[in-house]
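Visitor: give me a model of this one.
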Amino acid sequence: MAQQLADLEKEIFGTAWNKELIKQKINNDEFLYWVYEINSEIVGYLAIQKNFKELHILGIGVKEIFRNQSIAKKLTIELIDYFEESKYEQILLEVRVSNSVAINMYESFGFKHYGIREKYYKNEDANLFHLEKIYA
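Guide: Residues are numbered from 1 along each chain as shown. Just a heads-up that it's a prediction; the model follows:
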C-alpha cells in the first residue's frame, strides 16, 4: 500500500513522501490513512496526523481521471465521522490559495478560514482552515 500511495501522491502533486516514510506513518498510531479503491486500485486518499487536541490533514488527493466523482468528499465525510466520535477538538488543514474546488468543499463542511501561511508551497501561499467540534 505504501508504494501505491507514494505513486499516487507523485502523480497528483508532482512530489511525494517516499515509500518508507509512508510505511512508517501507516504503522504509527499518530497517523491515519483512509484510501478509496476502485477495482483494488487506490485512486484517492486522505492522511491525517493526530496531535494532542487536533487532527491535522496532511494530504488529500484523487487521481485525475477519477475526479468529479465525490471521492474527496466521501473521504472527508469519513474523517468528520471519525472526528465527531473522537476526543479531538478541531481539524486543521492547509490548502493552496488557488484551489477553489477544495476550498469550496471544505467550506461546505463548515471549515472556517483563519489565516494565510505565506510561501507554504513552493510557488504559492496556503489558506489555513479549521473545523471546531460543536459541543451540545
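Visitor: can you tell me which helix in the protein is longest?
Guide: Counting by DSSP state H, the longest helix found in the chain is helix 71-84.
Visitor: helices and strands around that helix, which ones?
Guide: strand 31-38, strand 41-50, strand 54-62, strand 90-96, helix 100-108 (3 or more Cβ pairs under 8 Å, 6 or more residues apart in numbering; DSSP states H and E). For every residue, glycine as well, the C-beta is placed using N, CA and C.
Visitor: in it, what's buried?
Guide: By 16 or more other Cβ atoms under 10 Å, the buried positions in helix 71-84 come out as I71, A72, L75, T76, L79, I80, F83.
Visitor: now the fourth one: how far from G14?
Guide: Same thing as T76. Noted for T76: a distance of 22 Å to G14, by Cβ to Cβ, to the nearest Å.
Visitor: how near is the closest residue to A16 other than its chain neighbours to L46?
Guide: Spatial nearest neighbour of A16, chain neighbours left out: E9 (3.5 Å); criterion: Cβ to Cβ, 6 or more residues apart in numbering. Distance from E9 to L46, counting by Cβ to Cβ: 12 Å.
Visitor: understood, closing this out.
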